[in-house]
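1. Would you be able to build a 3D model of this:
(one chain, ligands or ions: 2)
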Amino acid sequence: MRTDTPQTIYRSDYTPPTYLVDTVELGFDLDPARTVVANRMTLRRNGGSARNEITLHGEDIELVALRLNGRVLGAGEYALRDNLLRIPDAPDEATLEIETVCVPEQNTTLSGLYTSNGNFFTQCEAEGFRRITYFPDRPDVMAVYTVMLRADKERYPVLLSNGNLVEEGELGDGRHYAKWEDPFRKPSYLFALVAARLVCQEETFRLADGRDALLQVWVEEGNLDKTDYAMQSLKHSIRWDEERYGLELDLDRFMIVATGDFNMGAMENKGLNIFNTKYVLANPRVATDIDFQGIEAVVAHEYFHNWTGNRVTCRDWFQLSLKEGLTVFRDQEFTADMIGTATGRAVTRIDQVRTLRQAQFPEDAGPMAHPVRPDSFVEINNFYTVTVYEKGAEVVRMYQTLLGREGFRKGMDLYFERHDGQAVTCDDFRRAMADANGRDLAQFERWYDQAGTPVLRFETRYDEGAQTYGITLYQSCPPTPGQPDKRPFHIPVAIGLLDREGNDMPLVLDGKELGSTTVLELTQAEQTFVFSNVKEQPVPSVLRDFSAPVILQHGYGDSELLHLFRFDTDPVNRWEAGQRLAMGRLLKLTGEAPVSSRLSLDDTFIEAMRKMLTDEALDPAFREQALLLPTETMVAEQLEVVDPLAVHMARQFMRANIGARLRAELLAQYDANQTPGPYSPDAASAGRRALKNLALSYLNAAPDEETVALALRQCQDADNMTDRAAALNALIHARAPQAEAELARFYEEFQHEALVVDKWFAMQASAPTTDIARVRELMRHPAFNLRNPNRARSLVATYCMNNPVEFHAPNGSGYLFWAEHVVLLDALNPQVAARLARAMDRWRRYTPALQQHMKTALQQVAGQQRLSNDVREIVTKALAN
Ligand code: B3K
Ligand code: ZN
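-> Numbering: from 1, shown residues only. Ligands and ions are numbered 1, 2, ... in the order given. Below is the predicted model:
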């Protein structure tokens, strides 16, 4: 924990390392109270470097010994200050031997080497390796690692590290050892070790080139009944990367290890992926459909990093999206291919759009707005954001939209051909895409450089006589911190035209026939495209498949939206039309809610919903998405001044009104979408459950005895967690008297399943029936533990970020709770604290009274003497003008 003023690091200050490291031999004597790390590495002066000073990072470790080329360095021969170890006047070739000590059991930051439930794990990205040994801890220093692990055999029977196991044996004294070699050069952030009492599910898997690889999923004893899905997802991922990109597993062994204490989802360490249990453990009893989907996506994501991230890595942390945006895009495509059907793909795309709107657009419009490739940061861990990940994935997707699937593949091939084994930049990636396709992608760089969500607008003009249809596209981008003016982006705008009957019209542009959807390339602030042979006035379907991460200010009237909602052949835009119909009403109701006691919803909207709900030609999964209203956060983003209570009342009214007026249809769908027989997490079954449970939730938004009985029966009879949790949620939100007993029964039954206990806390924390007193009571529950990130998030972060109406209570009690816990958490785990700190990002948009309370809470945190860089950066930026 630092108390000095945090330093800002700028991208423009990048300089190559003065020394490179060729080999690293690490020896660990593992002891939770005192682990000794011996590091022997060979360094060589970097060709271009004029300086001969070796600079090594180190944090929270004790230096015990230091030798250079076999000689102990005297006090005057090195300097140890500000977490840097400097050796001036070093020879061009140096072998350094460094011995350090760390205390894993006291490491609550979960960065570096730490213990979780008595087992040892590491987390080194971004800058955790320096908490293990002194090292040039930056991604452009890539070395070959050999690792010797020594530990008590009884307590830590399993010893794992990156690469291949080359030797193991006994040491006497009850201790044993294992030696691992990773044949590939890697940056230090990909180092990992595990020393633990664990068991594994394993399998040999035949790779495309005929080699056999050993796949393992390691978990604590008692969890082997929950590893099948992760293993299956791993095999699918390996196959998919071979088929889609010609990329193979390059090791003989690939391991996934689950731990209950982890700061994020998972980590792609070479050959030894370490996972949050949340993204490994699943069976129907404890995991929901969403959990299964999460596991498949995260297993794939980490596996895909083996090429996009590990074989080709980032030159510096500003380039983070080079690996993250690309790998998210790859896991998104994998998920879509796994489902296979066209609407299935669309449903996954809709999910992605929803995430962008719910989380990335607000980030892009708030105090933490930053480009996909940031220009500066204080704490890199604060930049593992939805912008770097999800907007970064959209940027990669746009290459594919502009170049086509084949063109994109050519670009990927060239990228690997040029850069395998290197640490590179986002520009290198863009250059590979451009060169492989003979395209000029210079302007495309602005997607990496400019923050903020571009706003797209269009105007149309139909000329009946000439049978032409002109569409003028306008783009602009609001100012963001440090970037008052923006230049036009290169935006792919996919478009189609619908005729009166709802059919796609053939598109002809500049004499070329373009089928029913075409991609217009908008590169100026304003540009007009004129379609010819247009037989009648069309309804334009703009930004099909959400072809760019922009806000489309549409200007459609109700009748056009209804037309699109009914007929658009692009399912994403069809869904979008429904969201727009709903959003219009939500905004109107939000304005009325505080003053009117009689809100109402028009028949037109209800009829559109009815038609969608009962359209048996459509997949249940799609209907569910189409009937889901925009979230309270999305509505709030549309408002100048946010009154969270008004937004909540408006949305609740709408849900209740739909529940009451579509009661018969909802009941019918509830029955029609049952999934009898053994549970399966496949997309079709999950889609039916989703629609059924949405029906249940609408019905219980206007609860009566019958709807409550339905939920209660489902809660008691369900044979899977998806249905059980949905029913329990319905009871809670209906304020049914039975909810309390069902919650107690739920806890009783699942108290030994940590991930389900997390759900139990989260369900209560997000319920509008849970006020601050109740949250504080839950904090005193014996199962609550602030040190465990999953548990802390399930209660504290869920309440602060997922229960707007209670969190924003007019007396400011939610904000005080927030301040108190940001500070408490910061002393334990700055990364988790900084995530929670972001709950206040949008404070300037609330009503003046709420703003005042929020500002006070922010100042309370900012005024702390001792604060991590992580939290300090977030609150400072939030308070800045
Ligand atoms: N690369 C890791 C994230 C590391 C976060 C460090 N604070 C997981 C992933 O994106 O796959
Ligand atoms: Zn990643």
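
2. Any regions of the stretch 1-150 of the chain where pLDDT drops low?
-> Applying pLDDT under 70 to the stretch 1-150 of the chain flags the ranges 1-5.

3. Where does the prediction get shaky in the stretch 151-300 of the chain?
-> In the stretch 151-300 of the chain, no residues with pLDDT under 70.

4. Name the residues that touch the lengthiest strand in the chain?
-> In the chain, assigned by DSSP state E, the strand with the most residues is strand 175-187. By CB atoms under 8 Å, 6 or more residues apart in numbering, the residues outside strand 175-187 that reach it are 138-153, 159-171, 250-251, 270-271, 310-311, 313, 421, 423. C-beta: built from backbone N, CA, C; applies to glycine.

5. Only the buried residues of that strand, if you could.
-> 175-182, 184-187 (16 or more other CB atoms under 10 Å).

6. Which SSE is immediately downstream of it?
-> strand 193-196 (DSSP states H and E).

7. Go through the next helix or strand after that next one and flag the buried ones.
-> The C-terminal neighbour of strand 193-196 among helices and strands, as given by DSSP H and E, is strand 199-206. Under the neighbour-count criterion of 16+ other CB under 10 Å, strand 199-206 has 199-201, 205 buried.

8. Report the two of these separated the most.
-> Spatial extent of the buried residues of strand 199-206 (CB to CB) is set by the pair Val199 and Phe205 at 19.3 Å.

9. before we move on, back to that, please list which of the buried residues of strand 199-206 are also close to ligand 1.
-> Among these, none lies close to ligand 1 by the criterion of CB under 6 Å from any ligand atom.

10. re the thing from before, quickly run through the sheet partners of the longest strand of the chain, with directions.
-> Strand 175-187 pairs in its sheet with strand 142-152 (antiparallel), strand 164-172 (antiparallel), by DSSP bridges.

11. Sticking with Leu159, tell me its helix or strand.
-> Using DSSP H and E, Leu159 falls in strand 158-161.

12. mind listing what that strand pairs with, with the direction of each?
-> When pairs are called by DSSP bridges, strand 158-161 turns out to pair with strand 193-196 (antiparallel).

13. Can you give the contact residues for the partner strand?
-> By CB under 8 Å, 6+ apart, strand 193-196 touches 28, 30, 113, 119-122, 147, 149, 151, 156-161, 218, 257, 272, 274.

14. Please check the residues you listed and keep the buried ones.
-> Buried, going by 16+ other CB under 10 Å: 28, 30, 113, 119-122, 147, 149, 151, 156, 158-161, 218, 257, 272, 274, out of the contacts of strand 193-196.

15. these two touch, right, Ala151 and Leu159?
-> Yes - using CB atoms under 8 Å, Ala151 is in contact with Leu159, at 6.3 Å.

16. which residues sit in contact with the nearest residue to His853 once chain neighbours are set aside?
-> Excluding the flanking residues, the one nearest His853 by CB to CB, 6 or more residues apart in numbering is Gly812, at 3.1 Å. Residues near Gly812 by CB under 8 Å, 6+ apart: 850, 853-854, 856-857.

17. just those now: which is nearest ligand 1?
-> Ala857 (25.2 Å; CB to the nearest ligand atom).

18. and the residue of the stretch 451-600 of the chain found nearest ligand 1, helix, strand or coil?
-> When scored by CB to the nearest ligand atom, the stretch 451-600 of the chain has Pro549 as its residue closest to ligand 1, at 18.9 Å. Using DSSP: H, G, I helix; E, B strand; the rest coil, the three-state assignment for Pro549 comes out as coil.

19. Phi, psi for it please.
-> phi -80, psi 70 (degrees, to the nearest 10).

20. separation between the closest residue to it other than its chain neighbours and Asp499?
-> Distance criterion CB to CB, 6+ apart; nearest residue to Pro549, sequence neighbours excluded, is Glu394 at 4.0 Å. Distance of Glu394 to Asp499, computed by CB to CB, to the nearest Å: 30 Å.

21. and if you look at Ser188?
-> Distance from Ser188 to Asp499, by CB to CB: 60 Å.

22. Pop the domain breakdown of the protein in here.
-> Per automatic domain parsing, the structural domains of the chain span 1-197, 455-558, 559-702, 751-881.

23. Nearest to ligand 2, out of those domains?
-> Within the domains of the chain, the stretch nearest ligand 2 is domain 1-197; the backing value is 8.9 Å (CB to the ion).

24. do that closest one and ligand 2 meet at all?
-> No - Domain 1-197 lies out of reach of ligand 2 by CB under 5 Å from the ion, never closer than 8.9 Å.

25. and the protein, which residues reach ligand 1?
-> Residues of the chain lying close to ligand 1 by CB under 6 Å from any ligand atom are 125-126, 264, 266-268, 301-302, 305, 324, 381, 384, 831.

26. Keep only those of those residues that are in strands.
-> Members of the residues of the chain next to ligand 1 lying in strands (criterion: DSSP E): 266-267.

27. how close does Thr95 get to ligand 1?
-> Separation of Thr95 from ligand 1 (CB to the nearest ligand atom, to the nearest Å) stands at 31 Å.

28. same deal with Gly48?
-> Gly48 is 29 Å from ligand 1, by CB to the nearest ligand atom.

29. quick one: secondary structure of that residue?
-> Gly48 ends up coil, using three-state DSSP.

30. Any idea how many residues pack against it?
-> Gly48 is flanked by 9 other residues according to other CB atoms under 10 Å.

31. again with Lys270
-> Per other CB under 10 Å, the neighbour tally for Lys270 reads 26.

32. my guess is it meets Ser161, correct?
-> No - in this structure Lys270 lies outside contact range of Ser161 using CB under 8 Å: 9.5 Å.

33. Between the two, which contacts overlap?
-> By CB under 8 Å, 6+ apart, the residues touching both Lys270 and Ser161 are 182, 192.

34. and Ala690, what does it touch?
-> Ala690 touches 289, 620-621, 624, counting by CB under 8 Å, 6+ apart.

35. Tell me the secondary structure at it.
-> Strictly by three-state DSSP, Ala690 counts as helix.

36. how close does it get to Gln625?
-> Applying CB to CB, the value for Ala690 to Gln625 is 8 Å.

37. Ok, Pro157 next?
-> From Pro157 to Gln625 the distance is 47 Å (CB to CB).

38. State the number of residues packed around the residue of the stretch 451-600 of the chain closest to ligand 1.
-> Using other CB under 10 Å, the number of residues around Pro549 comes to 27.

39. Next up, the contacts around it.
-> Counting by CB under 8 Å, 6+ apart, Pro549 has contacts 356, 360, 391, 394-395, 453-454.

40. With Glu167 instead?
-> 177-179.

41. Show me which residues of the stretch 701-850 of the chain sit near ligand 2.
-> So the stretch 701-850 of the chain never meets ligand 2 (CB under 5 Å from the ion).

42. For burial, what's the neighbour tally of the residue in the stretch 701-850 of the chain that ligand 1 sits nearest to?
-> Relative to ligand 1, the nearest point of the stretch 701-850 of the chain is Gln831 (6.0 Å; CB to the nearest ligand atom). By other CB under 10 Å, 22 other residues sit near Gln831.

43. Much appreciated, bye for now.
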